[in-house]
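Student: Model the following, please.
(chains A and B)
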Amino acid sequence: MKRSMYCGKVPESSIGQEITVCGWVHSRRDHGGVIFIDLRDREGILQIVFQPENVSVFKTAENLRSEYVLCVKGNVRKRPEGTLNSNMYTGSIELVVVEVEVLNTSAMLPFEISDYTETSEELRLKYRYLDLRRTNFQRNFIIRHKLANEIRTFLNEEGFLDIETPFLTKSTPEGARDFLVPSRMHHGNFFALPQSPQIFKQILMIAGFDKYYQLARCFRDEDLRADRQLEFTQIDLEMSFVEEEDVINLTERMLARLCKSVLNMEIKAPFKTMTYKDAMLRYGSDKPDTRFDMEIKDFSQELKNCGFSVFASAIEKGGVVRGLCIPEGAKFSRSEIDALTKFVGEYGAKGLAWMKIVGSSAESNIVKYFKDEEIKTITSKLDAKDGDLIAFLADEEKIVTQGLGALRLKSGKELGLIDKNKFNFLWIVDFPLMEWSKEEQRWQALHHPFTAPKNPDAINKENAGSQKAKAYDIILNGVELGGGSIRIHKSDIQKKIFDILDISDDSAKDKFGFLLDALTYGAPPHGGIALGFDRICALFAGEDSIREVIAFPKTQKTLDPLSNAPSQVSDKQLQELGIKVVSVR
RNA sequence: GGGGACGUGGUGUAGUCUGGUUUAACACACUGCCCUGUCAAGGCAGAGACCGCGGGUUCAAAUCCCGUCGUCCCCGCCA
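Tutor: Residues are numbered from 1 along each chain as shown, chains lettered A, B, ... in the order given. The predicted structure is shown next:
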């Protein structure tokens, strides 16, 4: 018997035909005199009917169990009146068995392959091949494939060339921790797996390829989160002879096309744009979720002379006072407010000041320190209404921004203010080029040190903090999909930037010398963007974690329960690589 | 490196706060039987866990304490 169709794709028009399908026993409903099997393949489910007239086939059906693999030949027919299932594509038809072959049996499953129960992720990952049989996974990876395919088609049409860059590259200690690969031929030397193809794609521009793209695997040896894995895929692209708006425009057209072709969703371009400064001030985040309002307001001017010493002194020390109105928060109990205080404490806030709005007045232990007009300013600026809670943070700007930003997001989620059907794309622009690192006492690039300044002639060590970058991040529903920039294409400017970043000539030469050299041989103006492909897949599939769109992910402790990686290696292997294990933690 | 939540038959959970009524409960899955229109099928019967692991307190521990391991979430980190 040879398969002629996918179970999930049998059309109503095939009624009356004899077809052959293959798949897994999804469920079995034995009525004694008639047995139904839901046969599942990657496209969906088809109901198979076994009737007692066909004695040998019926006997086989009585012994079928979950996840047995079958090949079934039968006749497609319309289901009898009143037995239609409108929840499935094949719900109006069924296959009456003529012949069945059991291709394989299955042991009892370690967990149910059901859309109705959640199993621990550890177990699911250990038996990933079973987990991946779930219909939502089959759907997720079809979406992932469609997205990848559509991206390639789009970029090909736009004249981009898909060029591979190496996995075995040079370690560049700026940025994330590298995965190191020991060199057998050169003991004591190491390759690094790429954190991104950044330098190579710039060199491809210098080489004249003009438009490059790659669905590039990247590696970062950092701690994991729901949206981070050790290895991940990014849509990496670079273009020559362009400015910011060219890359932005291309990205918008690509994303709008993905929405249309994969989700059948119309997205209007151009997308909204917000400056970095605005995003941090109003949303407390460089990746604001604009699906709900709840904007943060600054009171550093209005309250600098207020009677509440915590606020006044914070402002005097150069900090800020900002507030957030949580709708219907006045009903929060003391312990609920304590929990909020603890929550903002995770971001360094030493306390949380609050006022409950009851009727038209404010109530709390700090209200007495404020003049009536100050309260009025606060409530009107925040548009606070009866029953709301106003939360304030007073501290250095970074702590206030992060704390209120996180509180806004948490409250928005918990109060159900987020419309899950919205797809809000947003560009963040006008990024600072550098920020001061207190730990290292030096300037650090906000994106990376190859990002072009808006005004390269004006920049110096004194004004570096106020300089803007030709950089842009694309945000979707509060998730950073990716970012890019126009790069520096002149070696003198690149040297100047390294100088301001306190990367010495020797060190720059050692780390990035090959790029600096390349910039001296006719580098064209160029720029690009890198988008997190896994995050895009997760958002398009409606998943919260990128692990749901990656076939074989690692656990949070960076283990693979399926293969048991990482694992110890033999002494012989280590010897060949010239590696001595000094201590084992 | 730090904070939090969780860990109970194959799976998902209840029981833990307030130790004893527990012979550890329920649902699903599993095994057997019944059933000709179900679709998260139904009915009857059955098997299956010394409650992550180690130690302690107590007459008595799934329950309290200490330690440890594992998973997830968050902070740091992720140019």
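Student: Report the buried residues of stretch A:424-436.
Tutor: Neighbour-count burial for stretch A:424-436, counted by 16 or more other CB atoms under 10 Å, picks out A:424-434. All C-beta spots, glycine's among them, are computed from the backbone N, C-alpha and C.
Student: from those residues, which ones fall inside strands?
Tutor: Among the buried residues of stretch A:424-436, the members falling in strands (DSSP state E) are A:425-429, A:434.
Student: Contacts for stretch A:567-578, please.
Tutor: Contacts to stretch A:567-578, defined as CB atoms under 8 Å, 6 or more residues apart in numbering, come from residues A:182-184, A:187-188, A:580-581.
Student: switch the cut-off to 6 Å
Tutor: Contacting residues not belonging to stretch A:567-578 are listed as A:182, A:184, A:187 [CB atoms under 6 Å, 6 or more residues apart in numbering].
Student: Could you list the contact residues of the stretch 1-150 of chain A toward RNA strand B?
Tutor: Proximity of the stretch 1-150 of chain A to RNA strand B (CB under 7 Å from any atom of the strand) is limited to residues A:27, A:29-34, A:36, A:38, A:47, A:49, A:51-53, A:65-66, A:79-80, A:82-85, A:87-88, A:91, A:94, A:108-112, A:114, A:116-123.
Student: what pairs with residue A:476 across the strands?
Tutor: Bridge pairing for residue A:476 (DSSP bridges) gives the partners residue A:425, residue A:479.
Student: Is residue A:142 located within a strand, as I assumed?
Tutor: No. Counting by DSSP: H, G, I helix; E, B strand; the rest coil, residue A:142 is not found in a strand; it is helix.
Student: From residue A:42, how far off is it?
Tutor: Separation of residue A:142 from residue A:42 (CB to CB, to the nearest Å) stands at 8 Å.
Student: Between these two, which has more neighbouring residues?
Tutor: Between residue A:142 and residue A:42, residue A:42 has the larger neighbour count (other CB atoms under 10 Å), namely 17 against 14.
Student: who's in contact with the more buried one?
Tutor: Contact analysis of residue A:42 by CB under 6 Å, 6+ apart lists residue A:138.
Student: any idea how far it is from residue A:463?
Tutor: In terms of CB to CB, residue A:42 sits 58 Å off from residue A:463.
Student: domains in chain A, as residue ranges please.
Tutor: A:7-104, A:138-274+A:425-550, A:292-414 (automatic domain parsing).
Student: could you dump those to TSV with mean pLDDT?
Tutor: Shown next, in TSV, are the domains of chain A (pLDDT from 0 to 100):
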stretch	mean pLDDT
domain A:7-104	96
domain A:138-274+A:425-550	94
domain A:292-414	93
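Student: thinking again about what came up before, for the buried residues of stretch A:424-436, which one is nearest RNA strand B?
Tutor: Distance to RNA strand B, by CB to the nearest atom of the strand, is smallest for residue A:434 among the buried residues of stretch A:424-436, at 9.2 Å.
Student: Just confirm the closest one contacts residue A:447, I think it does.
Tutor: No. Distance between residue A:434 and residue A:447: 9.6 Å, which falls outside the contact criterion (CB atoms under 6 Å).
Student: Dump the C-alpha coordinates for stretch A:163-171 into CSV.
Tutor: What follows is stretch A:163-171, C-alpha atoms only, in CSV (Å, rounded to 0.1, in the frame of the first residue of the first chain):
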residue,chain,number,x,y,z
ILE,A,163,25.9,34.1,1.6
GLU,A,164,27.2,31.9,4.4
THR,A,165,29.6,33.1,7.0
PRO,A,166,31.8,30.8,9.2
PHE,A,167,30.8,29.2,12.4
LEU,A,168,34.5,28.9,13.4
THR,A,169,35.5,32.5,13.9
LYS,A,170,37.7,34.7,16.1
SER,A,171,36.7,35.5,19.7
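Student: what sits up against that stretch?
Tutor: Residues from elsewhere that reach stretch A:163-171, judged by CB under 6 Å, 6+ apart: A:178, A:191-194, A:197, A:200, A:212.
Student: Ok, stretch A:443-456 next?
Tutor: Residues from elsewhere that reach stretch A:443-456 (CB under 6 Å, 6+ apart): A:431-435, A:437, A:459, A:464, A:467-471, A:485-488, A:493, A:497, A:500-501.
Student: what's the spacing between that stretch and its chain's center?
Tutor: Put simply, stretch A:443-456 sits 24 Å off its chain's centre (CA atoms, centre = their mean, to the nearest Å).
Student: Which ChimeraX command selects the buried ones in the contacts of stretch A:567-578?
Tutor: Buried residues within those, by 16+ other CB under 10 Å, are selected in ChimeraX with:
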select /A:182
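Student: Present the contacts of stretch A:567-578 as a markdown table; the columns should include secondary structure and distance to residue A:17.
Tutor: As requested, the contacts of stretch A:567-578 are exported to a markdown table (DSSP: H, G, I helix; E, B strand; the rest coil; distance: CB to CB, whole Å):
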| residue | secondary structure | distance to residue A:17 |
| --- | --- | --- |
| A:182 | strand | 60 |
| A:184 | coil | 60 |
| A:187 | coil | 67 |
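Student: Break down the stretch 301-450 of chain A into its strands, ranges please.
Tutor: Taking DSSP state E, counting those that start in this stretch, the strands of the stretch 301-450 of chain A run over residues A:320-326, A:353-358, A:361-363, A:389-395, A:425-429, A:434-437, A:442-445.
Student: among those, which is nearest RNA strand B?
Tutor: Smallest distance to RNA strand B across the strands of the stretch 301-450 of chain A (CB to the nearest atom of the strand): 4.5 Å, for strand A:442-445.
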